[in-house]
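Colleague: Have a look at this prediction, sequence included:
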Amino acid sequence: KGDNLPKHDSLISLSKILGVSSTYLMQGKTVDNIKEDASYVVPNRFIPLLSWQQANQPDSLKNIRADHKNWLAAHPHMTKDCYALEVLGESMLPEFRPHDYLYVTTDLESVLLKTGDFVILQTKDHQEALFKRLVIETDGMFLQVLNEKWPQQTIPLTGSFKIVAKIVGFWRDLSNSSIS
C-alpha cells in the first residue's frame, strides 16, 4: 500500500540527471559489487542511432533528446555512454558490411585501447568521422582498413584525428541477405 513505482524510462532519466544508479533510487543503496560511479548495463534499453554527421560533432550524445527519431535496442555489454552507427562504406569489408549496425561506447576512460580494437575517430576540422581498426606499434599508432582492395591500407594516427569511441559489438540483419 502506498507504493508507486516509476516507469523504467523515467527511472533511467532521473538517475542520469541525479548522477546515481537506478538501484540507488529504488533501494537507497548500491549493489555490493558495483561502484556508484561505475559504468553499468541497463537491460531492455534503447540507444540512439546517429548519423555519421552527428557522430562527428563534439559531444554528439549531449544533443540527443527523447524525441530523437531513430533508436536501436542496446547491446547487452553497453555502458551508459553509447550509441549506434550504420556502416555505409566498404573499407571494412569483409567483416563489416554496409547496413551493419555498430554498437559504440564513448566511455573511453573505462576501456583500455589496444591493437585490434575498432574505433570511431573525429577529424579535427569535424568534416569527417571514420571507422577503422587501431594498430599500436613501437613506432606509432595507425588506422587500418580491412578491405584488401582499398587503396590506402593504413593511415598514421596524427593530431588530425581524435579517437572518440570504441566499437563494442555489431548487429547484422540476416533476413534480407544470402549467406554463402
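Modeller: Arrived safely, thanks for sending. Numbers count the residues shown, from 1 in each chain.
Colleague: Could you identify the longest strand within this protein?
Modeller: Of all segments of type strand in the chain, defined using DSSP state E, the longest is strand 161-171.
Colleague: Can you list the strands that that one pairs with?
Modeller: If you go by DSSP bridges, strand 161-171 pairs up with strand 101-105 (antiparallel), strand 118-123 (antiparallel).
Colleague: can you pull the pLDDT of residue 55?
Modeller: Listed pLDDT for residue 55 reads 88.
Colleague: For the closest residue to it other than its chain neighbours, list each beta-bridge partner.
Modeller: Using C-beta to C-beta, 6 or more residues apart in numbering and skipping residues adjacent in sequence, the residue nearest residue 55 is residue 129, 4.6 Å away. Where you see a C-beta, it was placed from the backbone N, CA and C, and this is true even at glycine. As for beta bridges, residue 129 partners with residue 122 under DSSP bridges.
Colleague: what do you get for residue 144?
Modeller: residue 133, residue 154.
Colleague: center of this protein - which residue?
Modeller: By C-alpha atoms, centre = their mean, the chain has its centre lying nearest to residue 104, at 1.4 Å.
Colleague: Excluding sequence neighbours, find me the nearest residue to residue 113.
Modeller: residue 134 (6.2 Å).
Colleague: Tally up the residues packed near that neighbour, please.
Modeller: 19 (other C-beta atoms under 10 Å).
Colleague: Am I right that it is in contact with residue 116?
Modeller: Yes: in this structure, residue 134 is within contact of residue 116 by C-beta atoms under 8 Å, at 7.1 Å.
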